[in-house]
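>>> model this:
(2 chains)
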Amino acid sequence: MRLGNLLIVDDEELLVKNISFLLKKYAENIFVAFNGVEAFEVIQKHPIHCVICDISMPKMTGLEFLQKVRDSGNEVPFIFYTAYAQPEIMMKAAEYGAFDFLRKPDFESLIESITRGIAEGFKRENKTGESGKENDYDKLLQDLNKLL
Amino acid sequence: MTDNFIEERYTNGLKPDFVKEGRALCMNMFNTLGSDPHVSRQLEQLNLLSPTTSSHSFLVSFFSMLICKHLDWVSSRTIESVVMGAFLHDIGLLQLNKELLEKKYESMTESEKKIYEQHPRLGYEMLSKSSAVNEQIRQIVLQHHEQVSSLGYPFRLSGVRIYPPAKIVALADAFVEIIVAQNLTPINALKHLLIHKEIIMNYDGEIVRALVSGFRSK
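Numbers count the residues shown, from 1 in each chain, chains lettered A, B, ... in the order given. Next comes the predicted model:
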């Protein structure tokens, strides 16, 4: 499994510290931020392969941070890790392409999700675009022919 | 009940061990959902909508599970969410006018399509009131009609933005529609799907490959 860079965004410092410690073997580097403003600065300076993000934070919420990142052209996987979020907010998070939606303190699901998220983050770094899709379709037809 | 809804003709071509396992899991997830009074009531109402609605939900759950089994990133926890999401994916139809539901999507007017295309969002809102249904399941319901071509609904999401487990149910849903509407065996439905490039390009290639793998003999 290739280890990538993880960004943890939450205004609860103790939680950030604990999660960073527990996830250290799943990432090459772990960056932290305590609100969306700080987090956006991190993302602009460093290649990030997956974000774990709370919703309710001062200065800039998790949703606002996601919107800002997407509007900047960055499709990095976002895992929302939150105690509770209103349905309207989660629907908006879906519109902006959140990668996963987890409830604190489910830590097992978080590990599973960041492993997938980091792998996806690497894929999105190396996306092949339309030509990739055409090759995929041709390969699918080949697979079906072998099956039949 | 699963024998009634997942008839033998719909499992033709699949490995018997998988069929047995698939039926058992679908039944377990159905019973888990049914233990919540709110969801149970909604599933009963969905069954009353038309004779084929329950069968459709079971089949989508079954083929969603087939796809899950051939994706290396899907855990047992994710399989459960996917299967439950598949059972509930059309729950939002309960909020629509029955006369509209009797029409095929292709023969709806533009304004009728706009109303129909709200059913994933309506389903999400209905399920937000139930503590038995987590956010992952609700997102599957919300996004089960999104397509990687950005031609889906309700949000017209691009491929990278669609919630990955929702892509599984989206393909299973389309696959079941082909099997039932055209009265095909699963293998022939698969052939139909793959020779129609304009259909298959709406779905994630990795997910399609997983569906194809489910029919491999080895």
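>>> show me where pLDDT drops low in chain A?
Residue ranges of chain A with pLDDT under 70: A:127-136, A:144-145, A:147-148.
>>> which positions in it make contact with chain B?
Residues of chain A lying close to chain B (Cβ under 8 Å from any Cβ of the partner chain) are A:75, A:85, A:87, A:90-91, A:94-103, A:108-109, A:112, A:116, A:119-120, A:124, A:127, A:133, A:136-137, A:139-141, A:143-144, A:147-148. Where C-beta positions appear, they are placed from N, C-alpha and C, glycine not excepted.
>>> check which element follows whichever strand or helix holds residue A:44 along the chain.
Following DSSP states H and E, one finds residue A:44 within helix A:36-45. Note on helix A:36-45: by DSSP H and E, the next helix or strand toward the C-terminus is strand A:50-53.
>>> do you know the pLDDT at the residue of chain B found nearest chain A?
Using Cβ to the nearest Cβ, residue B:161 is the residue of chain B that sits closest to chain A, at 2.8 Å. Note on residue B:161: pLDDT of 93.
>>> cool, residue B:6 as well?
On the pLDDT scale, residue B:6 is placed at 60.
>>> please apply the same query to residue B:109.
For residue B:109, the predicted pLDDT is 94.
>>> where does chain B come near chain A, residue by residue?
B:73, B:75, B:77-78, B:121, B:124-125, B:128, B:134-136, B:138-139, B:142-143, B:155, B:157-158, B:160-164, B:187, B:190-191, B:194, B:197, B:200-201, B:205, B:208-209, B:212-213, B:215-217.
>>> what about those, which are in strands?
Judged by DSSP state E, strands contain none of the residues of chain B next to chain A.
>>> buried subset of those, written for ChimeraX?
Buried members of the residues of chain B next to chain A, defined by 16 or more other Cβ atoms under 10 Å in any protein chain shown, are picked up in ChimeraX with:
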select /B:78,121,124,125,134,135,136,138,139,142,143,155,157,160,161,162,163,164,190,194,200,201,205,208,209,212,215
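>>> three-state assignment of the residue lying closest to residue B:206 once chain neighbours are set aside?
Nearest non-adjacent residue to residue B:206, counting by Cβ to Cβ, 6 or more residues apart in numbering or on different chains: residue B:71, 7.2 Å away. Three-state call for residue B:71 (DSSP: H, G, I helix; E, B strand; the rest coil): coil.
>>> do the same with residue A:80
Residue A:80 ends up strand, using three-state DSSP.
>>> surely it and residue A:101 touch.
Yes - contact between residue A:80 and residue A:101 holds when scored by Cβ atoms under 8 Å: they sit 5.2 Å apart.
>>> just give me the neighbour total for residue B:59.
Residues near residue B:59, counting by other Cβ atoms under 10 Å in any protein chain shown, number 26.
>>> for the helix or strand containing it, name the packing helices and strands.
Per DSSP H and E, residue B:59 falls inside helix B:53-68. Helix B:53-68 sits against helix B:2-5, helix B:16-34, helix B:37-49, helix B:76-88, helix B:164-181, helix B:205-213, with contacts defined as 3 or more Cβ pairs under 8 Å, 6 or more residues apart in numbering or on different chains; DSSP states H and E.
>>> lowest average confidence across those, which one?
Among the helices and strands packed on helix B:53-68, helix B:2-5 carries the lowest mean pLDDT, a mean of 55.
>>> neighbours of the nearest residue to the residue of chain B closest to chain A once chain neighbours are set aside, how many?
Leaving aside its chain neighbours, residue B:161 sits nearest to residue A:97 (2.8 Å; criterion: Cβ to Cβ, 6+ apart). Using other Cβ under 10 Å, residue A:97 has 21 other residues around it.
>>> ok, residue A:97 to residue B:70 distance?
From residue A:97 over to residue B:70 the distance is 25 Å, taken as Cβ to Cβ, to the nearest Å.
>>> ditto for residue B:39
To residue B:70, residue B:39 is 28 Å away according to Cβ to Cβ.
>>> now residue B:203. Nearest residue, chain neighbours left out?
Leaving out its chain neighbours, the residue that sits closest to residue B:203 by Cβ to Cβ, 6+ apart is residue B:171, at 4.6 Å.
>>> go ahead and confirm the one you found touches residue B:205.
No - in this structure residue B:171 lies outside contact range of residue B:205 using Cβ under 8 Å: 10.5 Å.
>>> the residue lying closest to residue A:68 once chain neighbours are set aside: neighbour count?
What sits nearest to residue A:68 in space, not counting adjacent residues and going by Cβ to Cβ, 6+ apart, is residue A:40, at 5.7 Å. Neighbour count of residue A:40, defined by other Cβ under 10 Å: 19.
>>> can I get stretch B:129-139 as CSV, trimmed to CA atoms?
The C-alpha coordinates for stretch B:129-139 follow below in CSV (Å, rounded to 0.1, in the frame of the first residue of the first chain):
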residue,chain,number,x,y,z
LYS,B,129,-35.6,10.7,10.2
SER,B,130,-34.5,7.2,10.9
SER,B,131,-31.7,6.4,13.3
ALA,B,132,-31.4,2.9,11.8
VAL,B,133,-30.1,4.3,8.6
ASN,B,134,-26.6,5.9,8.6
GLU,B,135,-25.3,8.6,6.4
GLN,B,136,-23.5,6.2,4.1
ILE,B,137,-26.8,4.4,3.3
ARG,B,138,-28.6,7.8,2.8
GLN,B,139,-25.9,9.0,0.4
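>>> contact partners for the residue of chain A found nearest chain B?
Residue nearest to chain B within chain A: residue A:97 (2.8 Å; Cβ to the nearest Cβ). Contacts for residue A:97 were tallied using Cβ atoms under 8 Å, 6 or more residues apart in numbering or on different chains; they are A:70, A:75, A:78, B:157, B:158, B:160, B:161, B:162.
>>> how many other residues sit next to residue A:14?
By the criterion of other Cβ under 10 Å, residue A:14 has 8 neighbours.
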